[in-house]
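K.L.:
the following comprises the amino acid sequence and a computationally predicted model.
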Amino acid sequence: MTSKQQIVDNWLPRYTGQSLKDFGQYILLTNFSNYVKSFADIFNTEVTGIDKPFQCATADKITIINFGMGSPGAATIMDLLSAISPKAVLFLGKCGGLKKRNKLGDLILPIAAIRGEGTSNDYFPPEVPALPAFALQKAISTTIRDYGIDYWTGTVYTTNRRVWEHDDEFKKYLAKIRAYAIDMETATIFMVGFYNKIPTGALLLVSDQPMIPEGVKTSESDKKITEQYVQRHLNIGIDSLKQLINKEETVRHLRF
């Protein structure tokens, strides 16, 4: 294989266990296998790639993919998705809320991401901003309102550090830059999507409050978030993409 196209055409099925022709043109990305299982249950379809790095399920022109955790995995799946040139990719991620006003279960619709992860530097210089496709974020906003709930907007800081909650200097930095949330994937997904001319968006679920000791995520607290909020998070993601599908709207990024 001598070209990128040859590589991604071969590797997307290799990583997911699904042939290229069976992917939907609208993609949901997640870090968790239970999102994929719930999607499969909703549409009475099968989960593919149980023994592969990335599990997925497809129904009604939508494919959901669990790519694991962290920015390298996020970059990998966004590169591999260039094999099918999806019409829209929506990341359903969990994040830490960095503001006192954030409550567990809140939804954050990021208007931008700060590139603290380093992975995206392999694609663009540091001064290039990490932005979502506006039309996709607009569809998500409309869907959230249809559910009769509220949401926050702001910037999310994306980092490669998983264990930082003990680091007071890093917390001071996060407060200084006024980021609204922190995660490990959003900036990478935005940047590698832009690189591959794939419209991307994100909807983040506040799963912890890492700026305070009692807010650090535990297995017990994460279980409560999953039980109370994950199904709604997934449903909003599905309905946001359905809105685009039903209206046959094209999601174009202004910088393409």
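P.N.:
All right, it came through fine.
K.L.:
all contacts plus neighbour counts: C-alpha atoms, from now on.
P.N.:
Fine.
K.L.:
how about the helices of the stretch 151-256 of the chain, start to end?
P.N.:
For the stretch 151-256 of the chain, the helices defined by DSSP state H, counting those that start in this stretch cover 168-177, 186-195, 219-225, 231-247.
K.L.:
any chance you could list what contacts the helix or strand bottoming out on mean pLDDT in the chain?
P.N.:
Least confident helix or strand of the chain, by mean pLDDT, DSSP states H and E, is helix 219-225 with a mean of 86. The set of residues external to helix 219-225 that reach it, using CA atoms under 8 Å, 6 or more residues apart in numbering, is 104-105, 207-208.
K.L.:
I'd like those as CSV, with distance to residue 93 and neighbour count appended.
P.N.:
Formatted as CSV, these follow (distance: CA to CA, whole Å; neighbours: other CA atoms under 10 Å):
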residue, distance to residue 93, neighbour count
104, 14, 21
105, 12, 21
207, 10, 27
208, 12, 25
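K.L.:
tell me which two in those residues are the farthest apart.
P.N.:
Spanning the widest gap among the contacts of helix 219-225 are 105 and 208, at 8.7 Å by CA to CA.
K.L.:
could you report the neighbour count for residue 185?
P.N.:
When neighbours are defined as other CA atoms under 10 Å, residue 185 has 31 of them.
K.L.:
list the contacts for it?
P.N.:
Residue 185 neighbours (CA under 8 Å, 6+ apart): 69-71, 74, 158-159.
K.L.:
now residue 6: how far from residue 73?
P.N.:
Per CA to CA, to the nearest Å, residue 6 is found 20 Å from residue 73.
K.L.:
scratch that, residue 113
P.N.:
Looking at residue 113 against residue 73, where the rule is CA to CA, the gap reads 17 Å.
K.L.:
can you check residue 164 too?
P.N.:
20 Å.
K.L.:
and these two? which has more neighbours close in?
P.N.:
The neighbour count for residue 164 versus residue 73, taken as other CA under 10 Å, is higher for residue 73 (20 against 13).
K.L.:
shaky segments in the stretch 151-256 of the chain?
P.N.:
248-256 (pLDDT under 70).
K.L.:
could you rerun that using 50?
P.N.:
254-256 (pLDDT under 50).
K.L.:
pull the contacting residues for residue 190.
P.N.:
Neighbour list for residue 190: 113, 130-132, 200-201 [criterion: CA under 8 Å, 6+ apart].
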